[in-house]
Each structure stands twice: as C-alpha cells, then as structure tokens.
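[1] quick one, what's the 3D model for this:
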Amino acid sequence: MRSLAAMKQYQCVDVQAQVTEASPHRLIQMLMQGGLDRIYQAKGALERGAYAEKGELLGKAIAIVGGLREALDQNVDGDLVGNLDKLYEYMIMRLLEGNRSNDSGKLDEVANLLREVKSGWDAIA
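    Presented below is the predicted three-dimensional model:
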C-alpha cells in the first residue's frame, strides 16, 4: 500500500510539472485527456458496481468539461465558440443524466464527442 501512495505522489508531481511548463494549447489537450480518462474510469467503476467512485469520477469529468467551457474566448466572432459552448453544456447534461441513471451509453456518447473535439484540437499545430 505504501508503494501505491508513493506512485500517486510521483504522478501528482509529474502532472504539476507538465502543467507548469505547458502552453495554453497543451493545457487544453491535457484537460480534454483528463476528462476522457475520468469518463473511462467512471465507466469501469459503474461496471464494478462502485457507485460512489463512479459519482466522484463523473463529478471530476463534469468539472473538467465545465472548465473547458469557461476557457472559451467569447470575444471571438463566428459560430465555433457558440457551438462549442452548446456542445460542452450538452456534455455536462448527459454526464449528469448518465450518473443519475447509471447509463454507460450516455458516458460513451460524451466520450465520443469529447474525443472528436480533442482530435480536432490535436490537429492544430
């Protein structure tokens, strides 16, 4: 158990170092990946019947998607920002519904949407 705590501490330090050195573009990539990771972990917890863990992980995923939504630059003209804002709002709603109803299909739907947005973001140099 002690080695597990040490590994978690190392991972935390590693993530903090990455965040400190990351560009704004890379930070968004890290947020998106973190959201996907939490959704996948929550789905695993749901399959194991670990409902409290599932709820905690989905809460983190919702917070990450909310952070992505808040990071949108509302001063940019065009439909892209508005569409992303609506998409993130929809993702949050579906995660809440998936949590409430223990519906892994809703979690998959959001993971697919977030993966699609991330693939577009990753294509930006």
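
[2] give me the most central residue, this protein.
    Nearest residue to the geometric centre of the chain (CA atoms, centre = their mean): Gly35, 1.3 Å.

[3] which residues are in contact with that one?
    Contact analysis of Gly35 by CB atoms under 8 Å, 6 or more residues apart in numbering lists 61, 64-65, 68, 114. Every residue, glycine included, has its C-beta placed from N, CA and C.

[4] and if we set it to 7 Å?
    61, 64-65, 114 (CB atoms under 7 Å, 6 or more residues apart in numbering).

[5] ok, and the closest non-adjacent residue to it?
    Using CB to CB, 6 or more residues apart in numbering and skipping residues adjacent in sequence, the residue nearest Gly35 is Ile64, 4.0 Å away.

[6] what's the answer for Gly66, then?
    In space, Gly66 is closest to Ile92, 6.3 Å off (CB to CB, 6+ apart).

[7] buried residues, whichever strand or helix holds that neighbour. List them.
    Ile92 belongs to helix 79-101 when assigned by DSSP states H and E. Neighbour counts over helix 79-101 (16 or more other CB atoms under 10 Å) mark 87-88, 91-92, 94-95, 98-99 as buried.
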